[in-house]
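Return atomic coordinates for the entry below.
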Amino acid sequence: MMQMATNNHSPTPSLTMARSLPQGVDELSSMGPFELFESQLEHGSTEAKVDGMKRLSVVAYALGTEITLSSLIPYLANIAMKQPPYEDEILLIMASQIQLL
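Numbering: from 1, shown residues only. Model prediction:
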């Protein structure tokens with residue numbers, strides 16, 4: 001069984017993330033954890049992508065084991081194989097965060 005990082009509190013919302021995404025405040029507040037994570041990685045600046053990837057274990061915890069295995073892990077595999085590749089820094093953070101799952 002997959003172990004999830006236990007965190008009793010959510011991280012403070014990131015201003016970097018909010019400023020880097022095209023969605024408005026209302027749309028951001030209605031997005032689920034996976035949608036928000038995906039949007040940050042696909043539409044954000046490099047700084048926002050780094051910020052999002054550092055929160056990978058929190059996203060996985062919020063999604064739960066089943067959705068993490070069925071949606072998040074395949075999404076991360078696509079990121080790892082994407083051409084042109086993501087920045088090395090983002091891939092290294094992803095690797096270190098996956099170890100926490």
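
Per-residue pLDDT of Ala18, please?
pLDDT, Ala18: 60.

go on, Leu36?
pLDDT at Leu36 comes out at 86.

In the helix or strand harbouring it, which of the residues would be classed as buried?
Here Leu36 is covered by helix 33-43, with elements defined by DSSP states H and E. Using 16 or more other CB atoms under 10 Å as the test for burial, helix 33-43 gives Pro33, Phe34, Leu36, Phe37, Glu38, Ser39, Gln40, Leu41. In this view, the C-beta of every residue, glycine as well, is placed from N, C-alpha and C.

which one of those sits closest to Val58?
Pro33 (7.9 Å; CB to CB).

how far away is the closest one from Gln99?
20 Å (CB to CB, to the nearest Å).

ok, for the most centrally placed residue in the chain, nearest residue in space, not its chain neighbours?
With distances taken as CA atoms, centre = their mean, Phe37 lies nearest the centre of the chain, 3.8 Å away. Nearest residue to Phe37, sequence neighbours excluded (CB to CB, 6 or more residues apart in numbering): Val59, at 4.7 Å.

re the thing from before, just send the buried residues of helix 33-43 back as a markdown table, with distance to Met94 too.
Formatted as a markdown table, those follow (distance: CB to CB, whole Å):
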| residue | distance to Met94 |
| --- | --- |
| Pro33 | 16 |
| Phe34 | 15 |
| Leu36 | 16 |
| Phe37 | 11 |
| Glu38 | 13 |
| Ser39 | 17 |
| Gln40 | 13 |
| Leu41 | 10 |
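
which two in those are spaced the farthest apart?
Greatest spatial distance among these (CB to CB): Pro33 and Leu41, at 12.7 Å.
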